[in-house]
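Peer 1: sequence first, predicted coordinates after that:
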Amino acid sequence: MDRRPSLLMTALMLIALSAVSFAAGAATQSAPVTHTQVTNEDVYKYLNPFVDALAIIREKYVDVDKTNPKDLIYGALQGMVNTLDPFSQFMTPDEYKQMQTETSGEFGGLGIEIALKDDHLTVISPIEGTPADKAGIKAGDKIVKIGAEETDAMGINDAVKLLRGKVGTKITITIVRVGLAEPFDVTLIRDNIKIESIHSYMLPDHIGYVRISEFIENTTDDMVKAIEDLQKQSPLKGLVIDLRNDPGGLLNEAVGVGDYFGEKGKMIVSTRGRSAYQTQEFHVDDADKFSKNKPIVVMVNSGSASAAEIVSGALKDWKRGVLIGEKTFGKGSVQTILPLENSDGAALRLTMAKYYTPSGVCIHGIGIEPDLNLKEADITESTVKVYTKLLPVKFAEMLVKEGMEITNEVQVTDVIMDRFYAYAMKNVKKLDKDELVKDANYLRNSIAVELVSEKLGEKEAREYAVLHDPQVSVAEQIIKNGGKISSQLMAKYPKKKDTEIAGEKKLEQERAKHKSSDSDDDK
């Protein structure tokens, strides 16, 4: 029986439906259809081999249970979208529902944001407080194996399916990390992941601290409330905004956060796409929501991406905030959710625009260089092994069971550290004690945080971690200095001089071209 006519009609219907509706964030809108120069006749010609292959597979493939037409076509759609860029995605109905759950702030999994970077499955960032975070997974880690499956040529959809699973079940992933000679395995237990977008604390000397872990629904409102609550405790002298390991999220929330700190009329971000509909500028509505006389320090690292880069890029371009940390991830594209009608709830997440900072620069693939480079601590292979086995967590549990008294100012003494070294050497093979001793301060702080968490709770542990974070201490020094980086800090953390700064040079070239273009327009 010849199946080609019906299969061809199915394929054409799928193509026709892919441009019917538009969703930005949680809202669904109609979008204009942009016609390309490719004619319908060309499309039919290119579809012929697809239809032939589909018919042959359904008729001749050895495992009949793998020839369901829906699964085959969904697989073809996933493959097609995967050829575009690492961030576009075809979502089955179940995946689309899961995505909607994630943007509302709660889902199941390991707690890592992933993307394809340089053709490798790469961690954008671990989500704070999740199994991945506690096991020491870091931004930039490359996942080379999930369970028994190699990730070479694996798409995001397939990777996510393998990483997710029933809460309480285990999965082992194999990580390659820059600076470590060998890949290492991490076994994680899947858990319910609830994202709390905003955490805020009062630092010493009336300095406010706000952590934005991800830009989800209500992030702007929650941030504003957090700052207002801090102001009620004590008039703020300045504010630290922590965007480290913030993988981004909703564009409208990034605009909302930027709006809170900008001067009226200033551009927050612009987007440019193929159609006028995707080319927009977002400007600050009202001035002085947060007094311009109060200095701001923004903390970023290689896990700061997308919406986090919109906010940090705007504050840097406006010279409203000092950026400290490491160069950001470099995701300067905007994805739009396009539900596919009559498809039982499938959707496309499609890159339809790129975004530009107020100075007219697209940082996609480049990232944003901070004003002060603070490199996060490099830890030895032995310390990595300790973290993958969750030994700081288990050691803290043991101490609490022994009756150790814990307060908000818990001290991990040298005696306790010696016990930890012995505990680690006993429980993990092939550890080098000298490497653990080299990372003593890092391990000491981690154990203290886990002790506070075990005895007093997660909220108190987060606050302890912030108050004892060396990079937060640098941010405080800058605010006390009126928002300026002192010569002492510049000497302690010198500007990069090697090829890593090539991205910054490229940004400056783009800024110069943009200014030149503006000057030509004015003539």
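Peer 2: Right, received. Where do you want to start?

Peer 1: what's in contact with stretch 217-236?
Peer 2: When contacts are defined by Cβ atoms under 8 Å, 6 or more residues apart in numbering, stretch 217-236 is touched by residues 25-26, 103-105, 197-200, 202, 206-208, 210, 212, 239, 249-250, 253, 256-257, 259-260, 289-290, 294. The C-beta positions use only the backbone N, C-alpha and C, and glycine is treated the same way.

Peer 1: let's see it at 7 Å
Peer 2: The contact list for stretch 217-236, computed with Cβ atoms under 7 Å, 6 or more residues apart in numbering, reads 26, 103-105, 197-198, 200, 202, 206-208, 210, 212, 250, 253, 256-257, 260, 290, 294.

Peer 1: ok now do L436, which residues does it touch?
Peer 2: Contacts of L436 by Cβ under 7 Å, 6+ apart are 382-383, 421, 424, 443.

Peer 1: could you measure from Y355 over to R349?
Peer 2: When Cβ to Cβ, to the nearest Å is the yardstick, Y355 and R349 sit 16 Å from each other.

Peer 1: next: S291.
Peer 2: With distances taken as Cβ to Cβ, S291 is found 38 Å from R349.

Peer 1: also E41?
Peer 2: In terms of Cβ to Cβ, E41 sits 30 Å off from R349.

Peer 1: hey, which helix or strand in the protein has the poorest pLDDT?
Peer 2: The weakest-scoring helix or strand in the chain, judged by mean pLDDT, DSSP states H and E, is strand 22-24 (a mean of 28).

Peer 1: quick one: buried residues of stretch 190-200?
Peer 2: 190-191, 193, 195-200 (16 or more other Cβ atoms under 10 Å).

Peer 1: hmm, I was thinking of stretch 223-234
Peer 2: 223-224, 226-227, 230.

Peer 1: one more: stretch 354-374?
Peer 2: Within stretch 354-374, the residues scored as buried using 16+ other Cβ under 10 Å are 354-364, 366-374.

Peer 1: cool, and stretch 276-294?
Peer 2: For stretch 276-294, a neighbour-count test (16+ other Cβ under 10 Å) marks 277-278, 280, 282-284, 290 as buried.

Peer 1: do you know how far Y356 is from V384?
Peer 2: 38 Å.

Peer 1: do T279 as well
Peer 2: For T279, the distance to V384 equals 45 Å [Cβ to Cβ].

Peer 1: and what of L431?
Peer 2: Separation of L431 from V384 (Cβ to Cβ): 10 Å.

Peer 1: name only those of the contacts of L436 that count as buried.
Peer 2: 382-383, 421, 424, 443.

Peer 1: how about JSON lines for those, with secondary structure and pLDDT added?
Peer 2: Shown next, in JSON lines, are the buried ones among the contacts of L436 (DSSP: H, G, I helix; E, B strand; the rest coil; pLDDT from 0 to 100):
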{"residue": "S382", "secondary structure": "helix", "pLDDT": "95"}
{"residue": "T383", "secondary structure": "helix", "pLDDT": "95"}
{"residue": "Y421", "secondary structure": "helix", "pLDDT": "98"}
{"residue": "A424", "secondary structure": "helix", "pLDDT": "97"}
{"residue": "L443", "secondary structure": "helix", "pLDDT": "96"}
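
Peer 1: got a markdown table for those residues, with distance to V269 too?
Peer 2: Shown next, in a markdown table, are the buried ones among the contacts of L436 (distance: Cβ to Cβ, whole Å):
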| residue | distance to V269 |
| --- | --- |
| S382 | 43 |
| T383 | 39 |
| Y421 | 49 |
| A424 | 46 |
| L443 | 40 |
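
Peer 1: residues in contact with Y201?
Peer 2: The contact partners of Y201, by Cβ under 7 Å, 6+ apart, come to 209, 463, 466.
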